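>>> just need the structure, nothing else, for what follows:
(chains A, B, C and D)
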2 protein chains.
Amino acid sequence: MEKIYTIKDIAELAKVSKGTVDRVLHKRGKVSQVALDKVNAVLDRIDYQPNLIARNLKNSKIYRICVLLPNPKNDPYWQPCTEGITAAKNEFKSFNIAVEIFFFNHNSTSSFLEMNEVLLKTSPDAVLLVPLFYKEALGVIENYNSLGIISSTFNNQLQSSAIKSFVGQDLFQSGRVAARLLDLLLQKGLVVIIHIDEKYKNAVHMQEKEKGFRNYFSELGGGKFEILTCKLKHPQFNIKLTDFLNMHSNLAGIFVTTSKAYQVAEITSKIKDKKIALVGYDLIENNIDYLNKNAIDFLIHQNPKRQAYLGITSLIEYFIFDKEIPSEQLLPIDIVTTENAKNYMI
Amino acid sequence: MEKIYTIKDIAELAKVSKGTVDRVLHKRGKVSQVALDKVNAVLDRIDYQPNLIARNLKNSKIYRICVLLPNPKNDPYWQPCTEGITAAKNEFKSFNIAVEIFFFNHNSTSSFLEMNEVLLKTSPDAVLLVPLFYKEALGVIENYNSLGIISSTFNNQLQSSAIKSFVGQDLFQSGRVAARLLDLLLQKGLVVIIHIDEKYKNAVHMQEKEKGFRNYFSELGGGKFEILTCKLKHPQFNIKLTDFLNMHSNLAGIFVTTSKAYQVAEITSKIKDKKIALVGYDLIENNIDYLNKNAIDFLIHQNPKRQAYLGITSLIEYFIFDKEIPSEQLLPIDIVTTENAKNYMI
DNA sequence: TATTTTAGTGTGTACGAGCACAATTTATCA
DNA sequence: TGATAAATTGTGCTCGTACACACTAAAATA
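Alright, predicted model coming up:
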């Protein structure tokens, strides 16, 4: 353990005042060449690490961070996000940070824009948002940028130079993981990618997953598997899926690109004469139920709690510790089966 | 965002001096009933959160934490641990914490005891250790206890009231995960548990994994699978395993309870006429190689980096923030296959 | 009553960084 | 040379907590 040097130490070693050392360190004000050399000589010799604690103590500005999030009441997938935010809030409660969450309806672009207006009235220093709607999110983020508000995203990746940070998963790779799992479970046959509910064109995440999934099988070659894509929407979901199942007797596996695998499991679990392999996303209650009933084989965990937690802590540490915000944080693609599900649900 | 109260605020509200507030908060010195009531009245009304940062600024004691770890040079499994320690060290470099790592040979109890003596000479406040050797570790920990040194463990769980904290995985459940994976991969046949190298009697971790593994299959019932246990040791490892394979033509799957699955894969990958499913532990280079060659189907990630990181940060936060040390932190049992391996190796 | 003891309370300072401002030195001009 | 401006450097305060120390007033003792 090396000695921890303070500005006072440096000042004494360089035989100048701590004010001068401060000016050299922060390139603030005028310093003579002689003094500059003396201080730099000391700085070269030792490893000075400013005490972030002491620095922050003086800082009286309260940083405002707003979170713009789909309402968990409409889709339980988002529930863990608020928990992640709360955890981060607690961890940094000694610091001058104010975090506020704003919920929008994940089906309504207007609700998204509306809540954004409400949020803007609190004049935040940064916004952490889920850019669910491509076009609208881009506009909102451009606006933040022009207002000097930092914007970070999570869960959905959006290409924009105005975005400081993204936390999420590599969805292409996630599709490959799903493909790998079905490849391990199955010998041959028809494999179907099912997209449920959301508009395919607007949902880049589903497209990326499909690309990765197909990429795995095309690399695999061998012609053992046939891949089909199927887009299903409520309210005719049940009928259409049942029809599809009846029409394809060689169906061996299904990959559901959203958290709605339980809707598929509800139907496939009733088929008695054969077992259809099923891989889906997210540890929501309905999915876990069917996982435990063996109607779903694997779930891929997107870890929304950790995504939100990392998104918010990067911002907090940027404000209070001057830490660099990582432009991209990719989380591991967790594979979940009956036996290890509990560990991920804490 | 509620107002953040300081001791000065409380003093003004209660119309006493900050010294008196301090005495009430820390139950230090004598305070009259009148003053006590006044301060408590204010404390009841507001939510006072002491500023941990300012508190720490004053504290000049340097806390010494020693880490007692198997040498990664002898077994690469331990390499990530040092990285986890270093990460924690960096994160808390502004605080008065000195962390020092001591390596012992994972095959030698005497090296363990020897390094422990060296470590003790630095008179640490806490020790984080891997209690690889049951009997010796217990003795060492008892000794720490009598010296007033806090002891935390990770990777291997040891029952002792002298241990403040354990970070690791539920190994029984980890065995069940392995069983589940083989169940999903296979229809029926012989499944073998292979213990490699270590003395079975001393290695509680292998026993726990086996118990969980067998527990899953006995709960499953149905009589589709037959389970056998096999203990193999160098140098006759290759011959014995080859013999075993020849003798059991119905062998369908193998579960290796240590990080040595690659040694099994080396042999099973040469069998051309059939594929034997293989599940093992740990993302070491040799294992990853065989995973990518499809000779290993799944690896279970024990996340030694995070184990060490959590173990050390709990201690640090106890010392500098007075946080409670969680007596047990169980990490998720990560399932790794070719496609998601990279994510876990950062 | 004078002096000492003790309970209770308030004041002041350190910690390290940052920054305003005062103090000093050096340069410029009349 | 003296006065003034400019450049450079040093001092001192703040942040919130913890703790040493000084102080007051009442109680106990001589």
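>>> does chain B sit close to stretch A:186-201?
No - with CB under 8 Å from any CB of the partner chain as the measure, stretch A:186-201 is seen stopping short of chain B, the closest distance being 10.2 Å. For the C-beta atoms, the positions are set from N, CA and C on the backbone; glycine is no exception.
>>> list the buried residues for that stretch?
A:L186, A:G189, A:L190, A:V191, A:V192, A:I193, A:I194, A:H195, A:I196, A:D197, A:E198 (16 or more other CB atoms under 10 Å in any protein chain shown).
>>> pick the one among those residues closest to A:Y344.
A:I196 (22.3 Å; CB to CB).
>>> what parts of chain A come near DNA strand C?
Counting by CB under 7 Å from any atom of the strand, the positions of chain A adjacent to DNA strand C are A:4, A:6-8, A:18-19, A:22, A:25-26, A:28, A:50-51, A:54-55, A:57-58.
>>> just put the buried residues of stretch A:186-201 in CSV and tack on pLDDT.
Written out in CSV, the entries for the buried residues of stretch A:186-201 read as follows (pLDDT from 0 to 100):
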residue, pLDDT
A:L186, 95
A:G189, 94
A:L190, 96
A:V191, 97
A:V192, 97
A:I193, 97
A:I194, 95
A:H195, 94
A:I196, 90
A:D197, 73
A:E198, 69
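>>> OK, contacts around A:T242?
With CB atoms under 8 Å, 6 or more residues apart in numbering or on different chains as the criterion, the residues that contact A:T242 are A:I267.
>>> what about A:T313, neighbour count?
Using other CB atoms under 10 Å in any protein chain shown as the criterion, A:T313 is surrounded by 18 other residues.
>>> do you know the pLDDT at it?
What the model reports as pLDDT for A:T313 is 96.
>>> please verify my assumption that it contacts A:A87.
No - taking contacts as CB atoms under 8 Å, A:T313 lies outside contact range of A:A87: 9.1 Å.
>>> quick revisit: give me the buried subset of the residues of chain A next to DNA strand C.
By the neighbour-count criterion of 16+ other CB under 10 Å, these include these buried positions: A:I4, A:T6, A:I7, A:D22, A:N51.
>>> now do the contacts for the closest residue to the fourth one other than its chain neighbours.
Taking CB to CB, 6 or more residues apart in numbering or on different chains, and ignoring the residues beside it in sequence, A:D22 has A:I7 as its nearest neighbour in space, at 6.3 Å. With contacts defined as CB under 8 Å, 6+ apart, the neighbours of A:I7 are A:K18, A:V21, A:D22, A:L25, A:P50.
>>> what of A:V24?
Taking CB under 8 Å, 6+ apart, we find A:V24 in contact with A:V31, A:A35, A:L36, A:V39, A:N40, A:L43.
>>> ok, it to DNA strand D distance?
Between A:V24 and DNA strand D the distance is 9 Å, computed by CB to the nearest atom of the strand, to the nearest Å.
>>> residue in the stretch 151-300 of chain A nearest to DNA strand D?
Using CB to the nearest atom of the strand, the single residue of the stretch 151-300 of chain A nearest to DNA strand D is A:S152, 27.7 Å away.
>>> over to the stretch 201-346 of chain A?
The minimum distance from the stretch 201-346 of chain A to DNA strand D, using CB to the nearest atom of the strand, falls at A:I320 (13.7 Å).
>>> what's the neighbour count on that residue?
Taking other CB under 10 Å as the neighbour definition, A:I320 ends up with a count of 21.
>>> and it, backbone torsions?
Backbone geometry at A:I320, expressed as degrees, to the nearest 10, gives phi -90, psi -20.
>>> how about the nearest residue to A:A203, chain neighbours excluded?
A:H195 (7.5 Å).
>>> for A:Q49, same thing?
Distances taken as CB to CB, 6+ apart place B:K93 nearest to A:Q49, at 5.7 Å, with adjacent residues excluded.
>>> let me know the helix or strand that the one you found is in.
In this structure, B:K93 sits in neither a helix nor a strand according to DSSP states H and E.
>>> could you measure from it over to DNA strand C?
The spacing between B:K93 and DNA strand C, counted by CB to the nearest atom of the strand, is 11 Å.
>>> neighbours around that residue, how many?
The number of residues packed near B:K93 is 14, by other CB under 10 Å.
>>> so what's A:A178 up against?
A:K209, A:G212, A:F213, A:F255, A:V279, A:F298, A:I300.
>>> can you give me the pLDDT of it?
At A:A178 the predicted local distance difference test score is 98.
>>> mind checking the SS state of it?
Classification of A:A178 using DSSP: H, G, I helix; E, B strand; the rest coil returns helix.
>>> can you tell me which of the contacts of A:V24 is nearest chain B?
Closest approach between the contacts of A:V24 and chain B, by CB to the nearest CB: A:L43, at 16.9 Å.
>>> and the nearest residue to that closest one once chain neighbours are set aside, what are its phi and psi?
For A:L43, ignoring the flanking residues on the chain, the nearest one in space by CB to CB, 6+ apart is A:I10 at 7.0 Å. The main-chain torsion angles of A:I10 are listed as degrees, to the nearest 10 and equal phi -60, psi -40.
>>> mind listing what's buried along stretch A:204-223?
So for stretch A:204-223, counting by 16+ other CB under 10 Å, buried means A:V204, A:H205, A:M206, A:Q207, A:E208, A:K209, A:E210, A:G212, A:F213, A:R214, A:Y216, A:F217.
>>> okay, strands next: where are they in chain A?
Ranges of strands in chain A, per DSSP state E, are A:63-70, A:97-104, A:126-129, A:150-154, A:163-168, A:189-196, A:225-232, A:251-256, A:277-281, A:298-301, A:328-330, A:334-336.
>>> want to throw those into JSON lines with distance to B:R176?
Shown next, in JSON lines, are these (distance: least, CB to CB, whole Å):
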{"stretch": "strand A:63-70", "distance to B:R176": "35"}
{"stretch": "strand A:97-104", "distance to B:R176": "37"}
{"stretch": "strand A:126-129", "distance to B:R176": "37"}
{"stretch": "strand A:150-154", "distance to B:R176": "32"}
{"stretch": "strand A:163-168", "distance to B:R176": "30"}
{"stretch": "strand A:189-196", "distance to B:R176": "28"}
{"stretch": "strand A:225-232", "distance to B:R176": "30"}
{"stretch": "strand A:251-256", "distance to B:R176": "24"}
{"stretch": "strand A:277-281", "distance to B:R176": "20"}
{"stretch": "strand A:298-301", "distance to B:R176": "15"}
{"stretch": "strand A:328-330", "distance to B:R176": "29"}
{"stretch": "strand A:334-336", "distance to B:R176": "14"}
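>>> quickly list what A:L251 is bridged to.
Applying DSSP bridges to A:L251 gives these bridge partners: A:L190.
>>> so it sits against A:L190, correct?
Yes - taking CB under 8 Å as the definition, A:L251 is a contact partner of A:L190 at 4.8 Å.
>>> before we move on, the earlier item: out of the strands of chain A, which comes closest to B:N343?
When the strands of chain A are ranked by proximity to B:N343, the top entry is strand A:328-330, at 6.9 Å, counting by CB to CB.
>>> quick one: is the closest one near chain B?
Yes - figure legend: strand A:328-330 in contact with chain B (CB under 8 Å from any CB); contacting residues A:L330.
>>> can you name the residues in contact with that strand?
Strand A:328-330 has contacts (CB under 8 Å, 6+ apart) with A:S165, A:F166, A:V167, A:G168, A:Q169, A:D170, A:L310, A:S314, B:N343.
>>> repeat for stretch A:11-23
For stretch A:11-23, the external contacting residues (CB under 8 Å, 6+ apart) are A:7-8, A:10, A:28-31, A:35, A:38-39, A:41-42, A:46.
>>> pLDDT check: weakest of those?
Minimum pLDDT for the contacts of stretch A:11-23 is recorded at A:G29 (76).
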